[in-house]
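Novice: Got a predicted structure here, sequence first:
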Amino acid sequence: MIEENRQAVLLLTSRFSSKNGVFDPLTPTEYGRFALWLHENNYQPGTLLSQSDEIAEKWLDPKNKITTERLQYLLGRGLAMSLALEKWQSAGIWTLMRFDADYPKQLKKHFGQNAPAVLYGVGDKGLISKGGLSIIGSRHVDEDDREYTEKIAKQAALEGFNVVSGGAKGVDETAMLAALEIDGTALGIMSNDLFRAALSGKWRKHIRQNNLALISPYYPEAGFNTGNAMGRNKYIYCLSNYALAVRSEEGKGGTWSGAKENLKKEWIPLFVKSPSDATGNKALLEMGAQSLNLPSEEIQNNPQAEWLIEKLKALKSDSNVSDTEPKIINEQMELF
């Protein structure tokens, strides 16, 4: 039944082409609602492949979004799914479902039944749940921000931190490549072009060396989309233990909105580069973020000095999954 569940979840929630179909796949919220109903009625997703008519007759969406016609259409895309999976697998892309043992518990903890039903990825799956330091910031950075980012990322790698970011040009890419350059590890949470990134020479060597994982909750061949870019920010925070915003401009951009959401939801401790002339950095400090400045050159040049962890641990992270997770996570989420 596990393989049938995998097929059904993919059919219900995934895109297999950039072209729009008759109906859109279920959103995380829609799938969470439907999956909970299946669980409460002793069904598994895979049962839909053989009993879709029977189940559809019993199902009534309180939001009137998940209709019988939509379910039947999505479940009938078997050929498109097979062709897409074959293409993605040729690039080393795998899929991770909520019922898989290595699906990150952090996402289940923070998002419950609305956690992504499927994660697409390439590279070492073990890096997804490793936690670490997320380093995020603007796509447009000056030399001072770039140098700061490289120093922090390399120090993080030296101290055993996994560097987590979004893989975009600017701060994200600089941080990930700096950590990988000295044989550290990195996790990139992509909002677009996962398939292209999986084949890119920039990342491929590190993927083969098991130092890097790239993941996405979105269609692996999706182009840039502002909504997806904003939406993935929460996953960057929730798969980290600490976060550092290098450059943010107040009131605009994904770095600003993601940092604000993290402070509001209190997912993990947030640090910002300081001193900085960025308006967002100053505003985030006023909202409760902590400053993270570089130590003296003497300390930076001491390979034995673990100055970064000392600064970060000034605030205790509560991002690890507790033993008292909501019941819905322990039951429904582990099933599907």
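Specialist: All right, it came through fine.

Novice: Give me the residue at the spatial middle of the chain.
Specialist: What sits nearest the mean C-alpha location of the chain, by Cα atoms, centre = their mean, is Tyr235, with 3.8 Å.

Novice: can I assume that residue sits in a strand?
Specialist: No. Under DSSP: H, G, I helix; E, B strand; the rest coil, Tyr235 falls outside any strand and is assigned helix.

Novice: Find the nearest non-adjacent residue to it, please.
Specialist: Sequence neighbours aside, Ile189 is the residue nearest to Tyr235 in space, at 5.1 Å (criterion: Cβ to Cβ, 6 or more residues apart in numbering). From N, CA and C alone the C-beta is placed, and that goes for glycine too.

Novice: Can you name the residues in contact with stretch 175-187?
Specialist: When contacts are defined by Cβ atoms under 8 Å, 6 or more residues apart in numbering, stretch 175-187 is touched by residues 124, 127-128, 130, 132, 135, 149-150, 152-154, 156-158, 161-165, 167, 188, 202, 206, 211-215, 239, 246.

Novice: hang on, the earlier thing: look up how far Ile152 lies from the residue nearest to the centre of the chain.
Specialist: Separation of Tyr235 from Ile152 (Cβ to Cβ, to the nearest Å): 21 Å.

Novice: Then Ser52?
Specialist: Taking Cβ to Cβ as the measure, Ser52 falls 51 Å from Ile152.

Novice: ok, the nearest residue to Trp59 once chain neighbours are set aside to Gln113 distance?
Specialist: Excluding the flanking residues, the one nearest Trp59 by Cβ to Cβ, 6+ apart is Trp37, at 6.5 Å. According to Cβ to Cβ, Trp37 stands 10 Å off from Gln113.

Novice: Looking at these two, which is more packed in?
Specialist: Taking other Cβ atoms under 10 Å, Trp37 and Gln113 do not tie; Gln113 has more neighbours (21 against 17).

Novice: Which pLDDT value does the model give that one?
Specialist: Per-residue confidence (pLDDT) for Gln113: 91.

Novice: And for the nearest residue to it once chain neighbours are set aside, the neighbour number?
Specialist: In this structure, Gln113 finds its nearest non-sequential neighbour in Gly32, 3.5 Å apart by Cβ to Cβ, 6+ apart. Neighbourhood size, Gly32 [other Cβ under 10 Å]: 22.

Novice: what domains does the record give for the protein?
Specialist: In terms of domains, the chain is parsed into 2-118+326-335, 125-312 (source: automatic domain parsing).

Novice: quick revisit: report the buried members of the contacts of stretch 175-187.
Specialist: In the contacts of stretch 175-187, burial by neighbour count holds for 124, 127-128, 130, 132, 135, 149-150, 152-154, 156-158, 161-165, 167, 188, 206, 211-215, 239, 246, counting by 16 or more other Cβ atoms under 10 Å.

Novice: So which of these sit within strands?
Specialist: 135, 162-165, 188, 212-215 (DSSP state E).

Novice: ok, back up a step: now the residue nearest to the centre of the chain: how far from His39?
Specialist: Here Tyr235 is placed at a distance of 24 Å from His39 (Cβ to Cβ).

Novice: Do a quick rundown of the helices in the stretch 201-336 of the chain.
Specialist: 201-208, 226-238, 254-265, 279-286, 297-300, 307-312, 327-328, 334-335 (DSSP state H, counting those that start in this stretch).

Novice: nearest to Val171, of those?
Specialist: helix 254-265 (7.9 Å; Cβ to Cβ).

Novice: Name the helix or strand of the protein that has the lowest mean pLDDT.
Specialist: Of all the helices and strands that make up the chain, helix 327-328 has the lowest average by mean pLDDT, DSSP states H and E, namely a mean of 40.

Novice: And the closest residue to Ile309 other than its chain neighbours, its phi and psi?
Specialist: Nearest residue to Ile309, sequence neighbours excluded (Cβ to Cβ, 6+ apart): Glu159, at 5.3 Å. In terms of degrees, to the nearest 10, the main-chain angles of Glu159 are phi -90, psi 10.

Novice: burial measure for the spatially closest residue to Ala168 that is not a sequence neighbour, as a count.
Specialist: Excluding its sequence neighbours, the residue lying closest to Ala168 (Cβ to Cβ, 6+ apart) is Arg139, at 5.7 Å. Arg139 has 15 neighbours, counted by other Cβ under 10 Å.

Novice: what about Arg139, which helix or strand?
Specialist: Using DSSP states H and E, Arg139 sits in no helix or strand.

Novice: My read is that Glu221 contacts Met190, right?
Specialist: No. Glu221 lies out of contact with Met190 (Cβ atoms under 8 Å); the separation is 11.3 Å.

Novice: Those two - which one has more neighbours?
Specialist: Taking neighbours as other Cβ under 10 Å, Glu221 and Met190 compare with Met190 leading, 27 against 18.

Novice: Sketch out the low-pLDDT regions of the chain for me.
Specialist: Residue ranges of the chain with pLDDT under 70: 1-2, 315-335.
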